[in-house]
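Peer 1: Below are the sequence and a predicted model; questions follow.
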Amino acid sequence: MINKPEQTEFAINLMQHLVTATFVLDTDGNVIIWNRSCERLTGITADEVIGTSNHWKAFYSNHRLCLADTIIEGRTNELDNLYTVSAQPSVYGNGYKAENWCVMPRIGKRLYLAADAGPIYDNHGQLIAVVETIRDQTDQKIAQKKLEELAVVDELTGLFNRRYFNDHLDSEWKRCAREGSPLSVILLDIDYFKQYNDNFGHLVGDECLKSVAGTIQRSLLRGSDTATRFGGEEFCVLLPGIQQKGATKIAERICANIEKLEIPHPTSPVSQWVTLSIGVACILPSENDTPANLLTLADEAMYRAKAGGRNQSFCAETD
């Protein structure tokens, strides 16, 4: 039978060889175990931190609590302010889990780390240590972000897609309604794009769409303005807090910038270059109106621009 000292030594040796980065703090917050996986992850050796409370330096440039510290100091109520994600219990038992980005000072890398911390009690229920395990989730986080972006970004043009626009329009409508500020929309359609595709082919047509999309995006001067590929050769710009006069100026700037591209369109009856038909609408959001009505007004204005000869913008008439 293994006696208690031997059991303790065995447990320490086992922890040292775990593939998961692990460290243990005593009740004073000092490091008593810093395993080899923790050394590899952080670039900091056990000799540098054992017996000290400097473990935070492995993860942060400025002093702050690690997950294990919040348990020792009874400050787990601060987790929401310290971490991007936090919850109780930990997946490993009676403890806490948390995730956030860390700029690792020693290795000079920015990693997304997932931590689990759990208390260790003696036979009398007294806290004697806290164990924290850390997993590098950077690759998974980057992959997740890319998947999320693919869900809301048009693959061809790099603009937001219709799905994102619908959600964003709804949230901006509600925000503008609360603040009593206007919300404007610009709908843009490439003139005679079918003829363009028929003449040059779809690959050249795709390049045209990308050029137009990039020009629309570069024509927007505020980070709050959102450009979307609405579908096919149609685009949409959402302008929170902008009156109709301001939206019209933005539409005219987009139109002028498209003309500067001088994309040849020999089959267009209105110009030798690629041009746009544009509809502009502005509403002061309220409970008596809907986002759908704003889009309808912009759509009607765009078709009036088409009916009037294309290569122009038209403003919706509102009360």
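Peer 2: Arrived safely, thanks for sending.
Peer 1: what helices or strands is the one helix or strand residue 214 maps to leaning on?
Peer 2: Using DSSP states H and E, residue 214 sits in helix 202-218. Here helix 202-218 touches strand 183-190, helix 193-200, strand 226-231, strand 234-240, helix 244-261, going by 3 or more CB pairs under 8 Å, 6 or more residues apart in numbering; DSSP states H and E. Where you see a C-beta, it was placed from the backbone N, CA and C, and this is true even at glycine.
Peer 1: Which stretch among the ones you listed is buried most, on average?
Peer 2: strand 183-190 (a mean of 26; mean count of other CB atoms under 10 Å).
Peer 1: For the helix holding residue 214, which outside residues touch it?
Peer 2: Helix 202-218 is contacted by residues 154, 156-159, 188, 190, 193, 196-197, 200, 227, 229, 233, 235, 237, 254, 257-258, 261, 263, 274, 276 when judged by CB atoms under 8 Å, 6 or more residues apart in numbering.
Peer 1: Make a markdown table out of the helices and strands packed on helix 202-218 and add mean pLDDT.
Peer 2: Output for those, formatted as a markdown table (pLDDT from 0 to 100):
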| stretch | mean pLDDT |
| --- | --- |
| strand 183-190 | 97 |
| helix 193-200 | 96 |
| strand 226-231 | 95 |
| strand 234-240 | 97 |
| helix 244-261 | 95 |
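Peer 1: Nearest to residue 68, out of the ones you listed?
Peer 2: Closest to residue 68 of those, according to CB to CB: strand 226-231, at 42.0 Å.
Peer 1: ok and that closest one relative to strand 183-190, angle-wise?
Peer 2: 40 degrees (axes from the mean of the first three to the mean of the last three CA atoms, to 10 degrees).
Peer 1: Please compute how far strand 226-231 lies from its chain's middle.
Peer 2: 18 Å (CA atoms, centre = their mean, to the nearest Å).
Peer 1: what's the angle between it and helix 202-218?
Peer 2: Using the same axes, to 10 degrees: strand 226-231 against helix 202-218 is 160 degrees.
Peer 1: Make CSV from the helices and strands packed on helix 202-218 and add distance to residue 99 to it.
Peer 2: Shown next, in CSV, are the helices and strands packed on helix 202-218 (distance: least, CB to CB, whole Å):
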stretch, distance to residue 99
strand 183-190, 35
helix 193-200, 45
strand 226-231, 29
strand 234-240, 31
helix 244-261, 40
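Peer 1: quick one, which of these is nearest to residue 292?
Peer 2: So among these, strand 183-190 is nearest, using CB to CB, at 11.2 Å.
Peer 1: Adjacent strands (with direction) for that closest one?
Peer 2: Sheet pairing of strand 183-190 (DSSP bridges) gives strand 234-240 (antiparallel), strand 276-283 (antiparallel).
Peer 1: Now do the last one against helix 244-261, angle only.
Peer 2: Looking back up the chat, that one is strand 276-283. On the basis of the same axes, to 10 degrees, strand 276-283 is oriented at 160 degrees to helix 244-261.
Peer 1: what helix or strand does the most centrally placed residue in the chain sit in?
Peer 2: Residue closest to the average C-alpha location in the chain (CA atoms, centre = their mean): residue 145, at 7.0 Å. In the assignment (DSSP H and E), residue 145 maps to helix 138-152.
Peer 1: what is the orientation angle of the next helix or strand after that helix with strand 234-240?
Peer 2: As assigned by DSSP H and E, the chain's next helix or strand after helix 138-152 is helix 162-179. In terms of direction (the same axes, to 10 degrees), helix 162-179 departs from strand 234-240 by 20 degrees.
Peer 1: Show me the contact partners of helix 162-179.
Peer 2: 151-153, 160, 182-183, 185, 226, 228-231, 236, 238, 240-241, 284-287, 290-291, 294-295.
Peer 1: re earlier: the helix holding residue 214: which residues count as buried?
Peer 2: Using 16 or more other CB atoms under 10 Å as the test for burial, helix 202-218 gives 205, 208-209, 212-217.
Peer 1: Which single one of these is nearest to residue 95?
Peer 2: Of the buried residues of helix 202-218, the one sitting nearest to residue 95 (CB to CB) turns out to be residue 217, at 46.1 Å.
Peer 1: distance of the closest one from residue 312?
Peer 2: Going from residue 217 to residue 312 by CB to CB, to the nearest Å gives 21 Å.
Peer 1: Residue 178 now?
Peer 2: On the measure of CB to CB, residue 178 and residue 312 end up 35 Å apart.
Peer 1: Residue 286: what secondary structure?
Peer 2: Using DSSP: H, G, I helix; E, B strand; the rest coil, the structure places residue 286 in coil.
Peer 1: Neighbours of it, how many?
Peer 2: Residues near residue 286, counting by other CB atoms under 10 Å, number 11.
Peer 1: residues touching it, list them.
Peer 2: residue 177.
Peer 1: mind checking how far it is from residue 149?
Peer 2: Per CB to CB, residue 286 is found 33 Å from residue 149.
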